[in-house]
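>>> Return a 3D structure for these sequence lines:
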Amino acid sequence: YKAFRDYCLAQRKEKGSANCPEMYNLYQFWGLLLRDVFNESIYSDLKSVALEDHQSGWSFGVSCLLGLYHSRLLKEFRPGLLKDYESLVMQEHKKGNQQLLHEFNSFCISTGLMKPSPTQANAVIVNGHAEGGSPPSAVEP
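All right, here's what the predicted structure looks like:
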């Protein structure tokens, strides 16, 4: 794994993420592995590289990261992952990405983290509390 990771990251540095097919493989590997076997170090790699690439305009890594948040949180609740998921959603919301906010709210409602309300479409989970919607449910993860 280490040799594969180092090779992909070296190619990324040389060619840029968008021009590096190896990064597609590495992102997919990270995302699929972490869905089944969570490893903090690998998660940290995925998150930092994906966010860095996203800032430079390439969003494939963030797509893999969002998929990980959704599937891993359904499998096993991890407060740190939910916080990271929420943080990414809020950053994107500030940039005008309404769709991601709606997907996050739907996820929170479907998992019981937030109760639906008539104003749910405008609700945003901020630091574990709904703003503009009903408060999160008392369901303990």
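>>> hang on, L74 packs against T111?
Yes - contact criterion Cβ atoms under 8 Å: L74 and T111 qualify, at 7.0 Å. Where you see a C-beta, it was placed from the backbone N, CA and C, and this is true even at glycine.
>>> Have a look at the two and say which one is more surrounded.
T111 (16 against 12; other Cβ atoms under 10 Å).
>>> wait, that one sits on S71?
No - here T111 does not reach S71: they are 12.0 Å apart, not a contact under Cβ under 8 Å.
>>> Out of the helices and strands in this structure, which is least certain?
One helix or strand of the chain scores below all others by mean pLDDT, DSSP states H and E: strand 129-131, with a mean of 49.
>>> L26 against Q11, yeah?
No - using Cβ under 8 Å, L26 is not in contact with Q11; the gap is 9.2 Å.
>>> ok, those two, which is more surrounded?
Set L26 next to Q11 and count neighbours by other Cβ under 10 Å: L26 wins out with 24 against 17.
>>> Give me the pLDDT for that one.
You'll see L26 listed with a pLDDT of 96.
>>> and the most centrally placed residue in the chain, what are its phi and psi?
For the chain, the residue nearest the mean C-alpha position is L66 (3.2 Å; Cα atoms, centre = their mean). In terms of degrees, to the nearest 10, the main-chain angles of L66 are phi -60, psi -40.
>>> could you measure it against F4, distance?
23 Å (Cβ to Cβ, to the nearest Å).
>>> what do you get for S41?
15 Å.
>>> For L34, give me its contacts.
Contact analysis of L34 by Cβ atoms under 8 Å, 6 or more residues apart in numbering lists 42-43, 46, 68, 72.
>>> in the chain, which spans are strands?
For the chain, applying DSSP state E gives strands covering 124-126, 129-131.
>>> Give the burial count for the closest residue to L26 other than its chain neighbours, as a bare number.
Nearest non-adjacent residue to L26, counting by Cβ to Cβ, 6 or more residues apart in numbering: C8, 4.1 Å away. Neighbour count of C8, defined by other Cβ under 10 Å: 22.
>>> What residues does Q11 make contact with?
20, 22-23.
>>> I'd like the residues you listed laid out as CSV, including distance to L101.
Output for these, formatted as CSV (distance: Cβ to Cβ, whole Å):
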residue, distance to L101
C20, 30
E22, 32
M23, 27
